[in-house]
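Chemist: coordinates for the following, if possible.
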Amino acid sequence: MENAPGAASVDHSDLFPNGNPFPVIRILRSGVLSYANAASQPLLDFWQCGIGDQIPVDWRELVTTVLASGQRFDTEVNAGKTLLYLSVVPVPSCDCVHIYGFDDTEKALARKRLEESEELFRRAFHTSPDAININRLADGLYVDINQGFTALTGYTRDDVIGRTSIEIDIWSDIDDRMKLLTGLKKNGQVRNLEARFRRKDGSTTTAWMSAQLIQIGETPHILSITRDISDIKAAQEALRDSEVRMHSLQENLPLALYRSTPDGRIVYANGAMARMFGFDSVDELYQIRTGDFYVEPAQRERTLSVLEKHGLVKDWEVTLYRRDGSIIDCALNVRAAFDEHGTLRHQDGIISDITERKRIQETMRLAKEKAEEVSRIKSNFLATMSHELRTPLNGILGFASLLEEALEDDELRDMAAIINSSGHRLLETLNSILDLSIIEADKLNVNWEDIELSRVIHEVEGLYKANAQKKGLELRSDLPARPLTIHTDERLLRQILSNLLNNAVKYTREGHIALSVDRTGTPHHDGIIIHVEDTGIGISPHDQEVIFDEFRQASEGYSRAYDGSGLGLSVSQKFARVLGGRITLKSAPGRGSRFTLHLPGPKTDHHT
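Modeler: Purely as a prediction, here's the structure:
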């Protein structure tokens, strides 16, 4: 570039004789651009002027200020894509200024990256959940802490800045501090030092601490990052406790636990397995294959086959050898583990020694069979003796009735009456025992037939009218107006109703006894219920639980208030079940009882 037209001729070779790669500009006090080298073009483009032109007003003012002060002025100009660092130097001898420029783009980028890095550090420092602190190396004074430090220790910036860790007594174990300083001195850094720290409130916590030496200006410092691991330590301790408990449980279980490879090699076993099979230690089991235990190899093959197919074997009974060659019965539970390709990886098994249980079961089975045989023999005997027992007793009762009618002497007639009453009581007991024996011997013959229900109930009711009237009781019935036919065994039905009515009369001192019939069920399943209700003494909830058991009564023992063998209700319940029904009871002491006979529905309903 040339001098400005009309400007004084000036030799510029003193600036950069060989040419300057950076901008060099001369501006007169008047603000006229008198010289600019080729490297100045970006700035001229920015000013939108050339040699001999006036520079922008703000820059003319800057020239005047620099000439007046006689001091150099430094500034930066972003000229397009180029960032220029400019020094404006006064030259009083020429009444002008020289501007020397340098391309500051790379430095600016470096400063920007530094600023961004510093900003990232500030953000990480202040937002990190871990405790971060900076201490001066020379004296250990705290220079800065973050919020994580306060959260971990309870100390605020005001508590620690300008003080040392010794002063605030933060080290629970001073040896941890020495380990930190030794590591820094030796390596310049420390990684994951486990240490215990004392909080402001006096409590302690365990943390991992990492630290390294850094330079801040010309001064060495220590940057420390500390992470609270008290939860991790608690979890580790809980895991250790759990492992100890699990190990103790596995070793003290009476069950054999093991893990084996697909080829039968045992890789884990508990102490119970060694004891169960007669080995001195678990280590001896690791020399044996699971297949060596099986008495029957086919059992093992079947086990492996099911495992491969279903992955589980549950409660399989097998016979296994002990070390001394003896045989024990065992229950086997095994679960297979497969890899991602479906290949068998290992088997986890539990073995129970059921030898004693099998022996007890066999003993109980034999005892049960023997007891059942004895019961069958007894029942067969009583069933067979039915005719021989009833025939002479009926003869005695018949002659007792004749004597009672023929005798004129009142005392003798009373004796005959006692014989007759006692004989009937004996016959009733005998019939109940024989009925029960016949049922137990499975010799009960059931004669299924269609019967008219109301007729049977009326006839049975008539048998107890006289006894009820003697006690001043009202015996009434509420039966269907039209005939109701059911398919059942009339003899068994009569026996059930007789037993229920007999008990009602026996245990009722005053009031009434009522018989009634209802229908129950759905259109697809009909049923008949027959109620026998009295106002008698009632039955307690405890006695209701046993009232249908054999030889049980609500009043028992030699001092009981009422006669009877305790078989009537038991036999009646069994007869009801033979007929496809059941007997239920609703009662309360002093409020009477209601026995309900449930039977299958009628075969023919004359109402329809």
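Chemist: what about Ser30, which helix or strand?
Modeler: Using DSSP states H and E, Ser30 sits in no helix or strand.
Chemist: okay, now it: neighbour count?
Modeler: 14 (other Cβ atoms under 10 Å). C-beta coordinates here come from the backbone N, C-alpha and C atoms, glycine included.
Chemist: give the contact list for it.
Modeler: Gln54 (Cβ atoms under 8 Å, 6 or more residues apart in numbering).
Chemist: could you rerun that using 10 Å?
Modeler: Residues counted as contacts of Ser30 (Cβ atoms under 10 Å, 6 or more residues apart in numbering) are 7, 54-55, 60, 63-64, 95-96.
Chemist: ChimeraX command for the buried members of the residues you listed?
Modeler: Taking 16 or more other Cβ atoms under 10 Å as the burial criterion, the selection of buried members of the contacts of Ser30 in ChimeraX is written as:
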select :7,55,60,63,96
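Chemist: can you list the contacts of Ser30 in a markdown table and add secondary structure?
Modeler: Converted to a markdown table, the contacts of Ser30 look like this (DSSP: H, G, I helix; E, B strand; the rest coil):
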| residue | secondary structure |
| --- | --- |
| Ala7 | coil |
| Gln54 | strand |
| Ile55 | coil |
| Arg60 | helix |
| Val63 | helix |
| Thr64 | helix |
| Asp95 | coil |
| Cys96 | strand |
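Chemist: what's the lowest-pLDDT member of the contacts of Ser30?
Modeler: In terms of pLDDT, the lowest of the contacts of Ser30 is Ala7, showing 43.
Chemist: can you give me the buried ones in the helix or strand Gln347 falls within?
Modeler: Following DSSP H and E, one finds Gln347 within strand 344-353. Residues 344, 346-347, 349-353 are the ones in strand 344-353 that count as buried (16+ other Cβ under 10 Å).
Chemist: and if you look at stretch 177-191?
Modeler: 177, 180, 183-184, 190.
Chemist: pLDDT weak spots in the stretch 451-600 of the chain?
Modeler: Within the stretch 451-600 of the chain, the stretches with pLDDT under 70 are 521-525, 550-566.
Chemist: what are the ranges of the strands in it?
Modeler: 474-478, 484-488, 512-522, 525-534, 582-587, 593-600 (DSSP state E, counting those that start in this stretch).
Chemist: go on, the stretch 51-200 of the chain?
Modeler: So, for the stretch 51-200 of the chain - with DSSP E, counting those that start in this stretch - the strands run 73-79, 82-91, 96-103, 131-136, 142-145, 189-198.
Chemist: now render the ones you listed as JSON lines, adding distance to Ser498.
Modeler: Below are the strands of the stretch 51-200 of the chain laid out as JSON lines (distance: least, Cβ to Cβ, whole Å):
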{"stretch": "strand 73-79", "distance to Ser498": "123"}
{"stretch": "strand 82-91", "distance to Ser498": "123"}
{"stretch": "strand 96-103", "distance to Ser498": "128"}
{"stretch": "strand 131-136", "distance to Ser498": "94"}
{"stretch": "strand 142-145", "distance to Ser498": "100"}
{"stretch": "strand 189-198", "distance to Ser498": "90"}
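Chemist: so which of those strands comes closest to Leu223?
Modeler: strand 131-136 (5.6 Å; Cβ to Cβ).
Chemist: tell me the buried residues in the closest one?
Modeler: Result for strand 131-136 [16+ other Cβ under 10 Å]: buried residues 131-135.
Chemist: outside of that strand itself, list whatever touches it.
Modeler: Taking Cβ under 10 Å, 6+ apart as the rule, strand 131-136 contacts 124-126, 141-153, 155, 160-161, 164-165, 170, 197, 207, 209, 211, 214, 216, 219-228.
Chemist: returning to what we had before: closest to Phe46 out of the strands of the stretch 451-600 of the chain?
Modeler: Among the strands of the stretch 451-600 of the chain, the nearest to Phe46 by Cβ to Cβ is strand 512-522 (103.5 Å).
Chemist: can you list the strands that that closest one pairs with?
Modeler: strand 474-478 (parallel), strand 525-534 (antiparallel) (DSSP bridges).
Chemist: tilt between that strand and strand 593-600?
Modeler: With axes from the mean of the first three to the mean of the last three Cα atoms, to 10 degrees defining the directions, strand 512-522 sits at 40 degrees from strand 593-600.
Chemist: export strand 512-522 as CSV, just CAs?
Modeler: Only the C-alpha atoms of strand 512-522 are listed here, as CSV (Å, rounded to 0.1, in the frame of the first residue of the first chain):
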residue,chain,number,x,y,z
HIS,A,512,-94.1,-80.0,72.1
ILE,A,513,-92.5,-82.1,69.4
ALA,A,514,-93.1,-81.2,65.8
LEU,A,515,-92.5,-83.0,62.5
SER,A,516,-92.5,-81.1,59.2
VAL,A,517,-91.5,-81.7,55.6
ASP,A,518,-90.1,-79.1,53.2
ARG,A,519,-88.6,-79.1,49.7
THR,A,520,-85.3,-77.5,48.9
GLY,A,521,-82.9,-77.2,46.0
THR,A,522,-82.9,-75.8,42.4
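Chemist: can you point out the buried residues in it?
Modeler: 513-517.
Chemist: next: stretch 246-261.
Modeler: Applying 16+ other Cβ under 10 Å to stretch 246-261 flags 250, 255-258, 260 as buried.
Chemist: give me the pLDDT for Arg425.
Modeler: 67.
Chemist: now find how far off-centre the strand holding Gln347 is within its chain.
Modeler: 24 Å (Cα atoms, centre = their mean, to the nearest Å).
Chemist: again, but for stretch 358-377
Modeler: The answer for stretch 358-377 is 43 Å, by Cα atoms, centre = their mean.
Chemist: could you give the average pLDDT over that stretch?
Modeler: Here the average pLDDT along stretch 358-377 is 86.
Chemist: same check on stretch 242-249?
Modeler: Taken as a whole, stretch 242-249 carries a mean pLDDT of 76.
Chemist: residues contacting it, please?
Modeler: By Cβ under 10 Å, 6+ apart, stretch 242-249 touches 257, 270.
Chemist: which strand or helix spans the residue most central in space within the chain?
Modeler: Central residue of the chain (Cα atoms, centre = their mean): Ser242, 17.4 Å from the mean position. Element membership of Ser242, judged by DSSP H and E, is helix 230-252.
Chemist: strand partners (parallel or antiparallel) of the helix or strand just after that helix?
Modeler: Tracing the chain past helix 230-252, the next element assigned as helix or strand by DSSP H and E is strand 256-260. With DSSP bridges as the test, strand 256-260 is paired with strand 266-269 (antiparallel), strand 344-353 (antiparallel).
Chemist: for Asp292, which of those strands is the nearest?
Modeler: strand 266-269 (10.0 Å).
Chemist: domains for the protein, by residue range?
Modeler: Domain ranges of the chain: 1-125, 128-233, 240-352, 360-440, 449-605, per automatic domain parsing.
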